[in-house]
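Chemist: Requesting a structural model of the entry that follows:
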Amino acid sequence: MSRENFRSRLGFILVSAGCAIGIGNVWKFPYVTGVNGGGVFVLFYIISLIIMGVPILTMELAVGRASRKSAVLGYKALEPKGSRWHVHGWLCVIGCCLLMMYYTTVSGWMLGYCVKFATGTFSGMTPADVDSVWTNMQANPGEMALWMIITVVAGFLVCSFGLQKGLERISKWMMICLLVLIVILAINSLTLEGAIEGVKFYLVPDFERAAEVGIGNVIVAAMNQSFFTLSLGIAAMEIFGSYMSDANRLPGEAVRICCLDTFVAFMSGMIIFPACFSFGIEADSGPNLIFLTLPRVFVSMTGGRLWGALFFLFLTFASFTTVLAVFENIMASCMDNFGWSRKKATIACGVFILLASFPCVLGFNVWSSFSVPLPNGATGNVMDIEDFLVSNLLLPIGSLIYLLFCVSKWGWGFDNYLAEANKGSGLGMSPKLRRYFQFILPLLILVILLVGLANWFWRILVCALVVLFVWFMARRSAKTAI
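Modeler: Next comes the predicted model:
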């Protein structure tokens, strides 16, 4: 069976950006920015994307394009004979599944709120009534399950039509609509009285305010966000490298994807912070910012029903493009590794993700009493556990493994990676970055990983596992060379 390809370069960029653009941009980025002092966080976030996000993204794309396969077989095609780098490919598949086990629930929340605003559920409500909509939805497993099921079924239905006729065609139109909506919503927010104060909070670096949080904490939060927003480390982007052409160099394509991703995150803040300051709402209200704080703004705003519906439609598009991209990755992995047809992969993966998403739904109601202490010092429910495993472990560890695979002599090797990255025309990667990639970038990723683990036992354990993995790869490669 021949490998599918994107119909156009625009299709590749929009679909890949659609994978990156999701709750990391429109839900997590605004509240993390607010909690971490505003403009200073944004500054370090952009720096992190340049020095960390773009390089790792090119590595995932390079592995995919050079191998023309999904994660497991991609590693097998490029790894030194006898080595075991492809084990990480299976962890990538697990990571994508784990991400969708709670991402579909959050995407369902956004769809549900879009429908509620469009049908007038929030019309005439007081702030207390607005809060009750959120608590009532989370307490109702039937409603939560309904929005999640719609998201899962719609996602796999689109992917069942194939790369060009399904994922590329739908994602392109959703991304175009998303970009139009976000500009309209940002313009509306900027016209509100007092909006300029929100813009200043958001864009003007205030190091005194950041110092209250801790400059170190702000920097690490920015670095972590740069990985989360691009979904790096679990092969969510690698699969699109396997579908792209050789016509363009990877650094240029990675920069374009990051620019689109950053534009959406930036414009999300331009919608949220001016509106919050205009209506006297705290901008650092954390994860509740989207589902509690902003609906209060919309019910107090002239034409709030329309603006609320459009805002949550924008959020739905943003989250659903990521759902489609990761579903495609999961299906492609099954088709590559097990020889399944797309139809069989659609049914099997769809049923699995549907069933696997229910624990997250039930964790807010039927299983609400269930909670466990996490290695980051917090106590979490089902969704918190799933998010911690993906955000704090699989993404940074996976990014570190991709990095070591591409730049070390025990893996694919820097020269092979560089040749693949610079194949085609456009912005290329300089060979002068070799030492930075080999020594400095791994340490930066390790910092992100360890800071996310408050407990020293977990920090030591993770360090030991990473060292053991690298030692094992080196030993296997050395034996092969002999």
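Chemist: helices or strands up against the helix or strand where I353 lies?
Modeler: Using DSSP states H and E, the element containing I353 is helix 342-356. Contact analysis of helix 342-356 by 3 or more CB pairs under 8 Å, 6 or more residues apart in numbering; DSSP states H and E lists helix 87-118, helix 141-159, helix 304-338 as its packing neighbours. (C-beta placed from N, C-alpha, C; glycine too.)
Chemist: Please work out the angle formed by the directions of the helix or strand just after the shortest one and helix 304-338.
Modeler: Scanning forward in sequence from helix 141-159 by DSSP H and E, the next helix or strand is helix 169-190. Between the direction of helix 169-190 and that of helix 304-338, the angle (axes from the mean of the first three to the mean of the last three CA atoms, to 10 degrees) works out to 150 degrees.
Chemist: So what touches helix 169-190?
Modeler: Under the criterion CB atoms under 8 Å, 6 or more residues apart in numbering, residues 10-11, 14-15, 17-18, 21, 158, 161, 195, 198-199, 263-264, 267-268, 270-272, 274-275, 278, 307, 310-311, 313-314, 317-318, 320-321, 324-325 lie in contact with helix 169-190.
Chemist: what's the answer for stretch 386-402, then?
Modeler: Here stretch 386-402 has contacts from 56, 59-60, 63, 85, 88, 91-92, 94-95, 98-99, 101-102, 224, 227-228, 231-235, 360, 374-376, 378, 380, 442, 445-446, 448-449, 452-453, 462, 466, 469, using CB under 8 Å, 6+ apart.
Chemist: how long is that stretch from one end to the other?
Modeler: 22 Å (CA to CA, to the nearest Å).
Chemist: Give me the mean pLDDT for that stretch.
Modeler: Across stretch 386-402, pLDDT averages out at 90.
Chemist: V466 touches L446, doesn't it?
Modeler: Yes: assessed by CB atoms under 8 Å, V466 is found in contact with L446 at 7.4 Å.
Chemist: Neighbour count: those two, which is higher?
Modeler: Ranked by neighbour count (other CB atoms under 10 Å), V466 and L446 place V466 first, with 19 against 16.
Chemist: helix/strand/coil for the more buried one?
Modeler: Of the three states, V466 takes helix according to DSSP: H, G, I helix; E, B strand; the rest coil.
Chemist: can I assume S160 is in contact with K344?
Modeler: No: S160 is beyond contact range of K344, at 10.5 Å (criterion: CB under 8 Å).
Chemist: returning to what we had before: export the helix holding I353 as CSV, just CAs?
Modeler: Provided in CSV are the C-alpha atoms of helix 342-356 (Å, rounded to 0.1, in the frame of the first residue of the first chain):
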residue,chain,number,x,y,z
ARG,A,342,-8.3,2.4,7.3
LYS,A,343,-11.9,1.1,7.9
LYS,A,344,-10.8,-1.4,10.5
ALA,A,345,-8.5,1.1,12.2
THR,A,346,-11.3,3.6,12.4
ILE,A,347,-13.7,1.2,14.1
ALA,A,348,-11.2,-0.4,16.4
CYS,A,349,-9.5,2.8,17.5
GLY,A,350,-12.8,4.7,17.7
VAL,A,351,-14.3,2.1,20.1
PHE,A,352,-11.1,2.0,22.2
ILE,A,353,-10.8,5.8,22.6
LEU,A,354,-14.6,6.1,23.3
LEU,A,355,-14.4,3.6,26.1
ALA,A,356,-11.0,4.9,27.4
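Chemist: got the angle between that helix and helix 87-118?
Modeler: Interaxial angle, helix 342-356 versus helix 87-118 (the same axes, to 10 degrees): 70 degrees.
Chemist: circling back to that earlier point, whichever of the contacts of stretch 386-402 end up buried, select them in ChimeraX.
Modeler: Applying 16 or more other CB atoms under 10 Å to the contacts of stretch 386-402, the buried members can be selected in ChimeraX as follows:
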select :56,59,60,63,85,88,91,92,95,98,99,101,102,224,227,228,231,232,233,234,235,360,374,375,376,380,442,445,446,448,449,452,453,462,466,469
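Chemist: Which of the contacts of stretch 386-402 fall within helices?
Modeler: Those of the contacts of stretch 386-402 mapping onto helices are 56, 59-60, 63, 88, 91-92, 94-95, 98-99, 101-102, 224, 227-228, 360, 442, 445-446, 448-449, 462, 466, 469, per DSSP state H.
Chemist: Just the buried ones from the contacts of helix 169-190, in ChimeraX syntax?
Modeler: Remark: buried members of these, expressed as a ChimeraX selection using 16+ other CB under 10 Å:
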select :11,14,15,17,18,21,158,195,198,199,263,264,267,268,270,271,272,274,275,278,307,310,311,313,314,317,318,320,321,324,325
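Chemist: Can you report phi and psi for S425?
Modeler: Backbone torsions for S425, taken as degrees, to the nearest 10, come to phi -120, psi 160.
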